[in-house]
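K.L.:
what shape does this take:
(one chain, ligands or ions: 1)
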Amino acid sequence: MNILICIGSYRRNGNTAHIAAMIEEELARRAADAGVPLAVEIIFLAHEQIGLCRGCRVCFDKGETLCPLHDDFLAIKAKMVEADGLLVASPIYVNDVSGTTKNWIDRLAHVCHRPQFAGKCAYLVTTIGSGQSSHALRTLGAALQTWGFHIVGQTGFKTGALMDKAELRARFQAETARIAGRLFDAIQQRRFANPSFLSLMTFHIQQSVWQQQPSDTVDYRYWESQGWLAPEREFYIAHHANRVKVILARLTGSLLKPFVA
Ligand SMILES: Cc1cc2nc3c(=O)[nH]c(=O)nc-3n(C[C@H](O)[C@H](O)[C@H](O)COP(=O)(O)O)c2cc1C
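P.N.:
The predicted structure is shown next:
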């Protein structure tokens, strides 16, 4: 099992990094107990060369490999593609994810058009001084869900400005163990093959949008190459979602499409 942890804090010894390290420890424990080989890589996004998105739209119109920013981004995206699971952990700055995390999301905007991460599980984590985590978790959730990830869960940790490592452990050991267990089990049990109502609906809305695009666009060609434009196609990957859920999700998607697409 291959898990990638992307951290959106500059602070290598900050709250977010410590929480992520605790989750990594628990993942290792779970894998050892289950006898499953595990590779976890942690990336501090702020310490990689990931230039600010210039909004040139080259990734949308010509393909992400032609992005004029020649930096670490494509290598990091390749690691996301290789991973079975992703843990995203961002500190909250002024009620939302950090700018580092948001720029990583922006650089991945083309994946909203060409969702590449179906078949992978993700868990969302934020750390915050004392306020509300819901807005930032929504930012993360909306992006990752659109990219095709199966979102296993989310946790907002209230940590103050910088919590002592021992105190973090005492307060959050149980929650970090729970997160590791949920992510590990979801990957092992292939829960992504049972997509949520929202994921099924998102697929259907996107499918109807791209079916109507000119056939010479990068997006159309990508959808066609995946076999996703076939009218009978219900989801990005083979799934075993309940028939009633699939039919209702497609129906709701058709009704909502004029308002959201
Ligand atoms: C620029 C900045 C903005 C912040 N904004 C908020 C905020 O809106 N609400 C809040 O409760 N805490 C806020 N905090 C506190 C951080 O969310 C919190 O301390 C977080 O755990 C820091 O993570 P780190 O140690 O990994 O950097 C802010 C901290 C910084 C540096």
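K.L.:
from here on, contacts and neighbour counts on C-alpha atoms
P.N.:
Fine.
K.L.:
neighbouring strands for the host helix or strand of I5, and are they parallel or not?
P.N.:
Assigned by DSSP states H and E, I5 falls within strand 2-7. Counting by DSSP bridges, the strands paired with strand 2-7 are strand 39-44 (parallel), strand 85-93 (parallel).
K.L.:
nearest to the ligand among these would be which one?
P.N.:
Closest approach to the ligand among the strands paired with strand 2-7 (Cα to the nearest ligand atom): strand 85-93, 3.5 Å.
K.L.:
pLDDT of that closest one, averaged?
P.N.:
Averaged over strand 85-93, pLDDT sits at 98.
K.L.:
buried set for that strand?
P.N.:
By neighbour count on 16 or more other Cα atoms under 10 Å, the buried set for strand 85-93 is G85, L86, L87, V88, A89, S90, P91, I92.
K.L.:
so what's the last one bridging to?
P.N.:
Applying DSSP bridges to I92 gives these bridge partners: V97.
K.L.:
thinking again about what came up before, so which of the buried residues of strand 85-93 would count as near the ligand as well?
P.N.:
Restricting the buried residues of strand 85-93 to those touching the ligand (Cα under 6 Å from any ligand atom) yields P91, I92.
K.L.:
quick check: the farthest pair among the buried residues of strand 85-93?
P.N.:
Farthest apart among those by Cα to Cα are G85 and I92. That separation is 22.3 Å.
K.L.:
which residues touch T146?
P.N.:
By Cα atoms under 8 Å, 6 or more residues apart in numbering, the residues touching T146 are V111, C112, P115, S199, T202.
K.L.:
do that again at 10 Å, thanks
P.N.:
Applying Cα atoms under 10 Å, 6 or more residues apart in numbering to T146 gives the contacts 109, 111-118, 198-199, 202-203, 206.
K.L.:
just the ones of these in helices?
P.N.:
Among the contacts of T146, the members found in helices (DSSP state H) are V111, C112, H113, L198, S199, T202, F203, Q206.
K.L.:
wait, the third one touches Q213, no?
P.N.:
Right, the one you point to is H113. No - using Cα atoms under 10 Å, H113 is not in contact with Q213; the gap is 11.7 Å.
K.L.:
so what sits against both of the two?
P.N.:
Common neighbours of H113 and Q213, counting by Cα under 10 Å, 6+ apart, are D219, Y220.
K.L.:
more neighbours: those two, which one.
P.N.:
H113 (19 against 12; other Cα atoms under 10 Å).
K.L.:
before we move on, back to that, I'd like the strands paired with strand 2-7 written out as TSV, with distance to G148 added.
P.N.:
Below are those laid out as TSV (distance: least, Cα to Cα, whole Å):
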stretch	distance to G148
strand 39-44	21
strand 85-93	12
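K.L.:
how about these, which one is nearest Y236?
P.N.:
Ranking those by their distance to Y236 (criterion: Cα to Cα) puts strand 85-93 first, at 16.9 Å.
K.L.:
tell me the gap between the closest one and the middle of its chain.
P.N.:
Computed by Cα atoms, centre = their mean, to the nearest Å, the chain-centroid distance of strand 85-93 equals 9 Å.
K.L.:
can I get it in CSV? Just the C-alpha atoms.
P.N.:
What follows is strand 85-93, C-alpha atoms only, in CSV (Å, rounded to 0.1, in the frame of the first residue of the first chain):
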residue,chain,number,x,y,z
GLY,A,85,-4.4,6.9,-0.8
LEU,A,86,-3.8,10.6,0.0
LEU,A,87,-3.8,12.5,3.3
VAL,A,88,-4.0,16.2,2.9
ALA,A,89,-3.2,18.2,6.0
SER,A,90,-3.5,22.0,6.0
PRO,A,91,-3.3,24.6,8.7
ILE,A,92,-6.2,27.1,8.6
TYR,A,93,-5.2,30.7,7.7
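K.L.:
who are the contact partners of the spatially most central residue of the chain?
P.N.:
Per Cα atoms, centre = their mean, the C-alpha nearest to the average position across the chain is that of L144, at 3.5 Å. Contacts of L144 were listed using Cα under 10 Å, 6+ apart, and they are 86, 88, 105, 108, 111-112, 115, 117-118, 121-124, 138, 150-151.
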